[in-house]
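Trainee: Starting from these lines, generate the structure:
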Amino acid sequence: MTDEERTSTVNGAFTALPAVRHVETLGYRTAFYEAGAGETVILLHGGGAGADSRSNWEGCFDLFAARARTFAVDLVGFGETDKPDPERFAYTQDARNAQLVAFIEALGLERVTIIGNSMGGATALGVAMTRPDLVANLVLMGSGGLTTHISHELGAVVDYDFTEAGMRRLIGVLSNPGFVPTSGQVSYRYELSVRPDVRAAYRATMGWVKANGLAYTEDQLREVKARTLVVNGKDDVIVPVETAYRFLELLENSTGYILPHCRHWAMIEYPRLFAEVCLDFIEGRGVPNGGGPGGPAGQGED
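Mentor: All right, here's what the predicted structure looks like:
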């Protein structure tokens, strides 16, 4: 199956993920999808309008599930997870971090690998900071965590206008110029984004991002000792490649992988390559398994 075939839809609805399930987390239900066996991998989508597990991970979920016990989780306010009333719930980064910790504990998971795109990456880092005992590996792909400036391109995300044209603009800045989204990809994300509960949660989420950014302090990041793969598109205009280099400088046990002709959506633009790179990293192929407190240095590919 080609990368293009992997992103096919039926009547605008993504079909490759298993049936959605829910678990109680902190007073609301978190939606997730599960398949596969082996090491536990959690996939976290980004924060763009219409983002959820299906729209972000359709192209590579089954590739991960073929080699790992794979979960894709909808962050609070997105997808099929509940959307608490913004009048009574703060859509902060701390709330997303707490959600994922609660999810891991509710399912009795241990020493997981968290793979996060953008806002999902910021959430992965937050869990690694607050509960390092739960995290074996991180993959940060076009990750939040150092973003404080709202660039012109990021404006297409945080100031999304809930129109189909606005959705096409958003997809245009997230993907490389050679990527042509299917009509199903556009319609799925657009139709999800304009659901009243999703729309209210998105406005609250982006309002918080505009006021606070998606950044931790550099001292906080230096405290993360989890084995980490930093993935970035060389042409990413949302999280520029310079950000990836800074992550590599700050995160002691980090390895980098930079993709040419790729922007913010490696898992959508190059799903097979992205999955293979991540899984090889998780399995310790070609890169050290750890040189800090987590394990001895020099344990590379067998």
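Trainee: Tell me how far Lys225 lies from Ala136.
Mentor: From Lys225 across to Ala136, the span is 11 Å (Cβ to Cβ, to the nearest Å). In short, each C-beta sits where N, CA and C put it, glycine included.
Trainee: can you check Gly79 too?
Mentor: Applying Cβ to Cβ to Gly79 and Ala136 gives a distance of 25 Å.
Trainee: Same check on Trp265?
Mentor: Taken as Cβ to Cβ, the span from Trp265 to Ala136 is 25 Å.
Trainee: who's more crowded, those two?
Mentor: Applying other Cβ atoms under 10 Å to Trp265 and Ala136 shows that Trp265 carries more neighbours, namely 27 against 19.
Trainee: what are the ranges of the strands in the stretch 1-150 of the chain?
Mentor: Under the criterion DSSP state E, counting those that start in this stretch, the stretch 1-150 of the chain carries strands at the ranges 9-10, 13-14, 21-25, 28-35, 40-44, 69-73, 112-117, 135-141, 146-147.
Trainee: Of these, flag the one that's most buried.
Mentor: Ranked by mean neighbour count, these are led by strand 112-117 with a mean of 28 (mean count of other Cβ atoms under 10 Å).
Trainee: Kindly format the C-alpha coordinates of that one as PDB.
Mentor: Taking Å, rounded to 0.1, in the frame of the first residue of the first chain, the C-alpha atoms of strand 112-117 are listed here in PDB:
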ATOM      1  CA  VAL A 112       5.500   4.100  27.700                       C
ATOM      2  CA  THR A 113       6.800   5.800  24.600                       C
ATOM      3  CA  ILE A 114       5.000   9.000  23.800                       C
ATOM      4  CA  ILE A 115       5.000  10.300  20.200                       C
ATOM      5  CA  GLY A 116       3.700  13.800  19.900                       C
ATOM      6  CA  ASN A 117       3.200  16.300  17.100                       C
END
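Trainee: For Arg88, find the nearest of the strands of the stretch 1-150 of the chain.
Mentor: Closest to Arg88 of those is strand 28-35 (Cβ to Cβ; 11.0 Å).
Trainee: just checking, what packs against that closest one?
Mentor: With contacts taken as 3 or more Cβ pairs under 8 Å, 6 or more residues apart in numbering; DSSP states H and E, strand 28-35 sits against strand 21-25, helix 53-57, helix 61-65, strand 69-73, helix 93-106.
Trainee: now it against strand 69-73, angle please.
Mentor: Relative orientation of strand 28-35 versus strand 69-73 (axes from the mean of the first three to the mean of the last three Cα atoms, to 10 degrees): 140 degrees.
Trainee: Pairing partners for strand 28-35, with directions?
Mentor: strand 21-25 (antiparallel), strand 69-73 (antiparallel) (DSSP bridges).
Trainee: Can I get these in a markdown table including mean pLDDT and distance to Gly284?
Mentor: Listed next are those as a markdown table, based on pLDDT from 0 to 100; distance: least, Cβ to Cβ, whole Å:
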| stretch | mean pLDDT | distance to Gly284 |
| --- | --- | --- |
| strand 21-25 | 98 | 30 |
| strand 69-73 | 98 | 17 |
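Trainee: Dump those into CSV; add distance to Arg131 as well.
Mentor: CSV is the format used below for the strands paired with strand 28-35 (distance: least, Cβ to Cβ, whole Å):
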stretch, distance to Arg131
strand 21-25, 14
strand 69-73, 15
